[in-house]
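> Attaching a predicted model along with its sequence, questions to come.
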Amino acid sequence: MRILFLSRWFPYPANNGSKLRIYNLLRGLGRVHVVDLVSFYDPGEGMATADGLQGICQSVKAVAWREFDPVSLSALRGLFGSTPRSVVDTYSPEMSRVVQDALAARHYDLLIASQIDMAPYAVEQAEIPIRWEEAEVGVYAQKAPGVPAWWGRRRQGFTWWKYRQYLHGLFRNITASTVVSEQEKKLLQSAVPEAHKVTVIPNCMQLQDYAGVTAVPDPGSLIYTGSFRYDVNYEAMLWFVREVWPLIQTGQPQAALTITGDPAGKPLPTAKNVTQTGVVADVRPLVAAARVALAPLQTGGGTRLKILEAMALRTPVVSTSKGAEGLDAQPGEHLLVADGPRDFADAVLRLLQVDDLHRRIAEGGYALVSQKFNWDAVLPGFLRLVEDTAHAGNHPDSGR
């Protein structure tokens, strides 16, 4: 079977959670099917090259991604339409041409569009079945209630309404879709009742990629991995550095925090022993060398690859309840969960100071990943879904 895979993120090097998921899906698909990749790439990371995708994708084409600019002319025009402004502003005629050229050049049995940004380019054609991979609504659905000012809630509520209308239109042409958790599935089907053939394929780890990465953790070291270009990550670290970090510093003054990922020009409060590395080629050695990994997330959806990656490296995790959603993890066995600043700081300090607890949570987290979030176990089901979608035909109601 020949598949055209559309990706918002250029998947190699796999230096963030989205890239990691896409890379492993491509690796699984490439073992049994012929896969052509059309992807955006981030100009800030340099020109995309296909070197790391040889043997996985038969062909690779990349188009430069342009970030959403809320004050651009197209974004301002989007205020008066039913399509979300971010979709209007970031739409790329060049990407559309590349996709249409690929479809004209050869026959495909299936088109996979990864994440919301690629859906418009998929539904422009109506000839082949479409699987929307990682359809996420949680980050949009949860913004409005959390905005303190009434006018902000009204604005976010209107954005959520527009997003739902946009989803209704997309699902007229989507054959089937994938989400990463049961919570995301419920949110999607609540927002778009006509969304059908929605299947959970969780974020997972390819454990053999982590087996050789070991380090002796620095006693007071903490790590957070996540680009601030994703507002959820910036929001999490802003809360942590302001509210939690001073409490940890009081309890253990030598504690040190490392934050990886693109800072995106978004400042954090000045704080002692906090280092931002920017983008790193391989985050695994840094996570393995940390005593504790953090997931102080306040909003968002899905399952957090940053948590699974830390577990795969036997680095204990402290997370908020929101961060741990979708993992089916037991607090006190697989990770520690805390929501208020004092409770979060106390959980971190316990892992820094109590060796037995540190060891128990590290082993429990690794066991959870091995049993439930291992690509070796999950990929066969994904491949069956892909084949079922291709055989269903190009109409969304086919095969129901």
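Yep, it's here.
> Summarise which helices and strands the longest strand along the chain is packed against.
Determined from DSSP state E, the single longest strand within the chain is strand 34-41. Other helices and strands packing on strand 34-41, by 3 or more C-beta pairs under 8 Å, 6 or more residues apart in numbering; DSSP states H and E, are strand 2-7, helix 17-32, strand 59-64, helix 93-105. Backbone N, C-alpha and C define where each C-beta goes, glycine included.
> The second one vs strand 34-41, what angle?
Orientation note: helix 17-32 sits at an angle of 160 degrees relative to strand 34-41 (axes from the mean of the first three to the mean of the last three C-alpha atoms, to 10 degrees).
> gap between helix 17-32 and the chain center?
Its chain's C-alpha centre and that of helix 17-32 lie 13 Å apart, by C-alpha atoms, centre = their mean, to the nearest Å.
> Then the third one?
Averaging C-alpha positions (C-alpha atoms, centre = their mean) puts strand 59-64 21 Å from its chain's average.
> from now on call the first residue 58
Noted, 58 is the first residue going forward, which turns the last one into strand 116-121.
> Can you list the buried residues in it?
Buried residues in strand 116-121, counted by 16 or more other C-beta atoms under 10 Å: 117, 118, 119, 120.
> which sections of the stretch 358-457 of the chain are below the confidence cut-off?
Within the stretch 358-457 of the chain, the segments meeting pLDDT under 70 span 358-360, 450-457.
> er, the stretch 208-357 of the chain actually
208-210.
> in it, which spans are strands?
233-236, 255-257, 278-282, 313-317, 331-335, 349-352 (DSSP state E, counting those that start in this stretch).
> Alpha carbons of the longest strand of the chain, in PDB - could you do that?
Taking Å, rounded to 0.1, in the frame of the first residue of the first chain, the C-alpha atoms of strand 91-98 are listed here in PDB:
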ATOM      1  CA  VAL A  91       5.600   2.600   0.900                       C
ATOM      2  CA  VAL A  92       5.400   6.100   2.600                       C
ATOM      3  CA  ASP A  93       6.000   9.500   1.000                       C
ATOM      4  CA  LEU A  94       6.400  12.300   3.500                       C
ATOM      5  CA  VAL A  95       5.300  15.900   2.900                       C
ATOM      6  CA  SER A  96       6.200  18.000   5.900                       C
ATOM      7  CA  PHE A  97       6.600  21.500   7.200                       C
ATOM      8  CA  TYR A  98      10.000  22.300   8.800                       C
END
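> That strand pairs with which strands?
If you go by DSSP bridges, strand 91-98 pairs up with strand 59-64 (parallel), strand 116-121 (parallel).
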